[in-house]
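[1] My questions are about this predicted structure, shown below with the sequence.
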Amino acid sequence: MNQPAPFIDFQNISVAVQGHLVLDSLSIQIPDGEHIAILGPNGSGKSSFVKTLLREHYPVYSESGTVFKTWGQERWDVFSLRSQFGYVSQDLQHTFTRSISGMDVILSGFFSSIGLFFHTISPDMKKKAEDICTFLEITHLADRSFSDMSSGEARRFLIGRALVHDPRVLILDEPSNSLDLHALHMLRTTMRKIAGKTVIILVTHSLPDIIPEIKRVVLFKDGKIFHDGSKEDVLTDGYISSVFEVQVKIHNEDGFFYATGY
Ligand SMILES: Nc1ncnc2c1ncn2[C@@H]1O[C@H](COP(=O)(O)OP(=O)(O)OP(=O)(O)O)[C@@H](O)[C@H]1O
């Protein structure tokens, strides 16, 4: 039987943005269906990798051979490719400046718009958004103004917005930034639920964001992959101290990893 094409097959990918090499001969293969965490310090190329994945950036083709395939395809209509993804970033949170309800934030995902204007909401869309609210346990907040929500509440509505199209892959770009302990707990609970049905690519510099369901960690440094492997192999005192350039100790507590001593 034929093996399904890997979700990502990138070989020798170099990407330059405004004359700056943001990804440097990077090679990575991710099978379809595998959750991964991309971990690395500021400026290591994590966001550039996600932008390349979403075809916002394109690699330069090298003489040594460049492979740039997503689900087995090199050439994609970018809209068709992007429709396979849900994407949540902090930047997105800041783009919602108008005072709209949490429910409307979710519904706006059907139109890839920032809010609702003259859009027609079908009963199916409404039902889907309500089901997502139930799944994410945010129904009680759905009528509240998005701008009045805490960062943690708002983050969960943006995740809901990203789920309306049943994406094949959900990209969470630093989802835990600026969240307090309770909000962190809620976010991780939400991520664990989602991981049961949707593939997650988590971009982070925070080790405890890597929920137990994510088994593989890819460490980025200087636009390159510094190390790639199982969580137990990658999240060690040595690798994490080297990549972040500070001496740390790594602890594993109930499947969550923490760095201390820095
Ligand atoms: N538009 C751009 N023009 C020039 N340089 C850029 C541009 N975008 C990113 N870079 C540079 O590319 C490198 C990688 O940036 P990138 O944003 O991918 O890192 P990151 O790991 O996502 O960082 P952070 O954790 O701070 O978000 C950095 O040195 C950054 O300054």
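    Alright, I've got the coordinates. Residues are numbered from 1 along each chain as shown.
[2] and stretch 253-262, which residues are buried?
    Using 16 or more other CB atoms under 10 Å as the test for burial, stretch 253-262 gives 257, 259. C-beta: built from backbone N, CA, C; applies to glycine.
[3] before we move on, what about stretch 37-48?
    So, applying 16+ other CB under 10 Å, buried residues of stretch 37-48: 37-41, 44-48.
[4] Around the ligand, which positions in this structure sit nearby?
    17-18, 20, 22, 40, 42-48, 205 (CB under 6 Å from any ligand atom).
[5] Let me know the closest of those to F111.
    S47 (24.8 Å; CB to CB).
[6] Which strand or helix spans that closest one?
    helix 46-53 (DSSP states H and E).
[7] mind checking how far the following helix or strand past that helix is from the chain centre?
    Next helix or strand after helix 46-53 toward the C-terminus (DSSP H and E): strand 67-70. Chain-centre distance of strand 67-70: 19 Å, with CA atoms, centre = their mean, to the nearest Å.
[8] What helices and strands are in contact with the next helix or strand after strand 67-70?
    Using DSSP H and E, the helix or strand that directly follows strand 67-70 along the chain is helix 78-82. Applying 3 or more CB pairs under 8 Å, 6 or more residues apart in numbering; DSSP states H and E, one finds that helix 78-82 contacts no other helix or strand.
[9] From here on, call the first residue 26.
    Got it, the first residue is 26 from now on, which makes the last one we talked about helix 103-107.
[10] Determine the set of other helices and strands touching the next helix or strand after helix 103-107.
    Sequence order places strand 110-113 as the next helix or strand after helix 103-107, per DSSP H and E. On a contact count with 3+ CB pairs under 8 Å, 6+ apart, strand 110-113 meets helix 176-188, strand 194-198.
[11] Give me the buried positions along whichever helix or strand comes after strand 110-113.
    Remark: after strand 110-113, the chain's next helix or strand is helix 115-120, criterion DSSP H and E. Neighbour-count burial for helix 115-120 flags 117-118 (criterion: 16+ other CB under 10 Å).
[12] export helix 115-120 as CSV, just CAs?
    C-alpha atoms of helix 115-120 as CSV (Å, rounded to 0.1, in the frame of the first residue of the first chain):
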residue,chain,number,x,y,z
GLN,A,115,-0.9,37.5,19.2
ASP,A,116,-0.8,39.9,16.2
LEU,A,117,-4.2,38.7,15.3
GLN,A,118,-5.6,39.5,18.7
HIS,A,119,-4.4,43.1,18.3
THR,A,120,-6.1,43.5,14.9
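[13] Good, we can wrap up now.
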